[in-house]
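*Asks:* take a look and give me a structure for this.
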Amino acid sequence: MAKIKKAARPETLIPTASMSDIAFLLLLFFMVSTVFVREKGLKVRLPRAETIQKIPRSHSATIYVDRNGTISIDDMVVSIPDVQWVMQKKLLEDFNVIACFRTDRDASYGYMSDILNRLREAGTLRVSFEAKLKR
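*Replies:* As a prediction, this is how the structure comes out:
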């Protein structure tokens, strides 16, 4: 009996020499044809103060923050962790105490966020932000 040899199939090869060129052309095409939309945000009209309510100094604790991050509560320089126990002490003296922020325009908001977290932990929930009136 004669053996029949199978004919070898020709292998199909995909040329990969120009694949990188095609990939870069596609990348360039999508970069050029894509339109990036800038978000316009929300138009917010802030309310204007018609009247100013003065807070009595006997029921307030003024927190000063300067541009260097120095924090003082009623002229006593404290660190951020000490804000909690100072305000707890003031709450024991007067339950109606209001924390009044007076910060420098160039102060980092991170300091204010840390101080607000310490005030929340101390139970001081009445907070006021002081500002100068524009004339």
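
*Asks:* hey, where'd the strands end up in the protein?
*Replies:* Residue ranges of the strands in the chain, as given by DSSP state E, are 60-65, 71-73, 76-78, 98-103, 127-129.

*Asks:* now the residue lying closest to Gly69 once chain neighbours are set aside: how far from Val127?
*Replies:* The shortest distance from Gly69 to any non-neighbouring residue, by Cβ to Cβ, 6 or more residues apart in numbering, is to Tyr111 (5.4 Å). Where C-beta positions appear, they are placed from N, C-alpha and C, glycine not excepted. Between Tyr111 and Val127 the distance, using Cβ to Cβ, to the nearest Å, works out to 14 Å.

*Asks:* rebuild the strands of the chain as CSV, extending it with mean pLDDT, mean neighbour count and distance to Thr12.
*Replies:* Formatted as CSV, the entries for the strands of the chain read as follows, by pLDDT from 0 to 100; neighbours: other Cβ atoms under 10 Å; distance: least, Cβ to Cβ, whole Å:
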stretch, mean pLDDT, mean neighbour count, distance to Thr12
strand 60-65, 87, 20, 72
strand 71-73, 88, 19, 74
strand 76-78, 88, 13, 77
strand 98-103, 85, 18, 72
strand 127-129, 84, 13, 73
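
*Asks:* tell me the spacing between Asp21 and Tyr64.
*Replies:* Summarising the geometry, the distance separating Asp21 from Tyr64, computed by Cβ to Cβ, is 63 Å.

*Asks:* sorry, back to before: can I assume the residue nearest to Gly69 is in contact with Val65?
*Replies:* Yes. With contacts counted by Cβ atoms under 8 Å, Tyr111 reaches Val65, the gap being 5.4 Å.
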